[in-house]
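Participant: structure of the sequence below:
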Amino acid sequence: MTIEQIRYYFAKHGFDVSSRFADKLGIPVNNVRLFFIYASFITLGFSFFVYLFLAFALRIKDFFYQKRPSVFDL
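Facilitator: Next up is the predicted model:
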């Protein structure tokens, strides 16, 4: 199979899913496709913000709970 055949196969069956979903809901296909595109960007951005929040929380935790020297370090 060539790249064009693979691309055609996924375009045909992938767009068929969104068109059938749009027909079932009674809305235009373009709105369904845009929804999935925007949802993927939002979920990617959300996970990045969760990562930043956790990194910030760990930094704050390290600020308050510093490692104290033990007796054996002297």
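Participant: and the residue nearest to the spatial centre of the chain, how far from Tyr38?
Facilitator: By Cα atoms, centre = their mean, the chain has its centre lying nearest to Leu44, at 2.9 Å. When distance is defined by Cβ to Cβ, to the nearest Å, Leu44 is 11 Å away from Tyr38. Using the backbone N, CA and C atoms, a C-beta is placed for each residue, glycine as well.
Participant: how about Ile27?
Facilitator: Taking Cβ to Cβ as the criterion, Ile27 is separated from Tyr38 by 15 Å.
Participant: and what of Gly45?
Facilitator: 10 Å.
Participant: ok, Gly14 next?
Facilitator: Computed as Cβ to Cβ, the Gly14 to Tyr38 distance reads 17 Å.
Participant: so Ile27: helix, strand or coil?
Facilitator: On the three-state scheme (DSSP: H, G, I helix; E, B strand; the rest coil), Ile27 is labelled coil.
Participant: got phi/psi on it?
Facilitator: Backbone geometry at Ile27, expressed as degrees, to the nearest 10, gives phi -120, psi 160.
Participant: that one: neighbour count?
Facilitator: In terms of burial, Ile27 registers 12 neighbours under the definition other Cβ atoms under 10 Å.
Participant: buried residues in stretch 31-45?
Facilitator: For stretch 31-45, the neighbour count (16 or more other Cβ atoms under 10 Å) marks 32-33 as buried.
Participant: contact partners of that stretch?
Facilitator: By Cβ atoms under 8 Å, 6 or more residues apart in numbering, the residues outside stretch 31-45 that reach it are 15, 18-19, 21-22, 25.
Participant: average pLDDT for that stretch?
Facilitator: Average pLDDT, stretch 31-45: 87.
Participant: alpha carbons of that stretch, as PDB, please.
Facilitator: Coordinates of the C-alpha atoms in stretch 31-45 are reproduced here as PDB (Å, rounded to 0.1, in the frame of the first residue of the first chain):
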ATOM      1  CA  ASN A  31     -19.300  21.800  13.400                       C
ATOM      2  CA  VAL A  32     -18.600  18.300  14.600                       C
ATOM      3  CA  ARG A  33     -15.100  18.300  13.100                       C
ATOM      4  CA  LEU A  34     -14.300  21.700  14.600                       C
ATOM      5  CA  PHE A  35     -15.500  20.400  18.000                       C
ATOM      6  CA  PHE A  36     -13.100  17.500  17.900                       C
ATOM      7  CA  ILE A  37     -10.200  19.700  16.800                       C
ATOM      8  CA  TYR A  38     -10.900  22.300  19.600                       C
ATOM      9  CA  ALA A  39     -11.400  19.500  22.200                       C
ATOM     10  CA  SER A  40      -8.100  18.000  21.400                       C
ATOM     11  CA  PHE A  41      -6.300  21.400  21.800                       C
ATOM     12  CA  ILE A  42      -8.100  22.000  25.100                       C
ATOM     13  CA  THR A  43      -7.200  18.600  26.500                       C
ATOM     14  CA  LEU A  44      -3.600  19.000  25.500                       C
ATOM     15  CA  GLY A  45      -3.500  22.500  27.000                       C
END
